[in-house]
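A.B. asks: Return atomic coordinates for the entry below.
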Amino acid sequence: MTGLTALWLPILLSAVLVFVVSSAIHMVSPWHKSDYPRVPDEDKLRDALRPLAIPPGDYMVPRPKTREEMRSPEFADKVKRGPNLILTVLPSGPFQMGKNLTLWFLYAAVVGLFAAYVAGRALPAGASVASVFRFTGVTAFIGYSVALWQMSIWYRRAWSTTIKATVDGLIYALLTAATFGWLWPR
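C.D. replies: Next up, the predicted model:
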């Protein structure tokens, strides 16, 4: 068993590497450019929604009030007529990139912390690089990728977007695993 205090450096360094590589993937490469296409007549849609003053949050349209309503012919007709939406409303104004990037870095550090915990419970100091790589890599992959799959299963997010995010997560997991393999206590 290896304590978390002995793994602070790979936790933080893997978070830094994931942060830098993810920034390059999203800002430099065109890899995610097609993830969120424009809706037809964007200005008309925005003008129609603005007077509703929908607070930031996640919404489903149509949304039944009760289970009984969900089974009603009127609700079935609403679904049939469409449009049917899963809608995320963001606050108006400029995007808070500083806050988002800070939260992303903290998330990467938490994934590293979980990878360190799992590997640290399973492996002693001096464990083989392959064993460290396997435990931390699988844990990090789960943290970065697997939870995203349910967005395509339940909420109809394009599978192409989910697959690209899964590939990103694999890259982040490999970076995390390599960092831990390199810096694992001997």
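
A.B. asks: strands paired with the helix or strand hosting Ile86, and their directions?
C.D. replies: Following DSSP states H and E, one finds Ile86 within strand 85-89. For strand 85-89, the paired strands and their directions (DSSP bridges) read strand 57-61 (antiparallel).

A.B. asks: So what touches the partner strand?
C.D. replies: With CB atoms under 8 Å, 6 or more residues apart in numbering as the test, strand 57-61 has contacts from Pro83, Asn84, Leu85, Ile86, Leu87, Thr88, Val89. Using the backbone N, CA and C atoms, a C-beta is placed for each residue, glycine as well.

A.B. asks: With stretch 86-103 instead?
C.D. replies: Contacts of stretch 86-103 (CB under 8 Å, 6+ apart): Phe19, Ser23, Ile54, Pro55, Pro56, Gly57, Asp58, Tyr59, Met60, Val61, Tyr155, Arg156.

A.B. asks: In CSV: the contacts of strand 57-61, plus distance to Arg71 and pLDDT.
C.D. replies: Putting the contacts of strand 57-61 into CSV (distance: CB to CB, whole Å; pLDDT from 0 to 100) gives the following:
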residue, distance to Arg71, pLDDT
Pro83, 21, 95
Asn84, 17, 96
Leu85, 21, 94
Ile86, 21, 93
Leu87, 23, 93
Thr88, 27, 94
Val89, 28, 96
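
A.B. asks: Just give me the closest of those to Asp47.
C.D. replies: Asp47 has its nearest neighbour among the contacts of strand 57-61 in Val89, at 15.1 Å by CB to CB.
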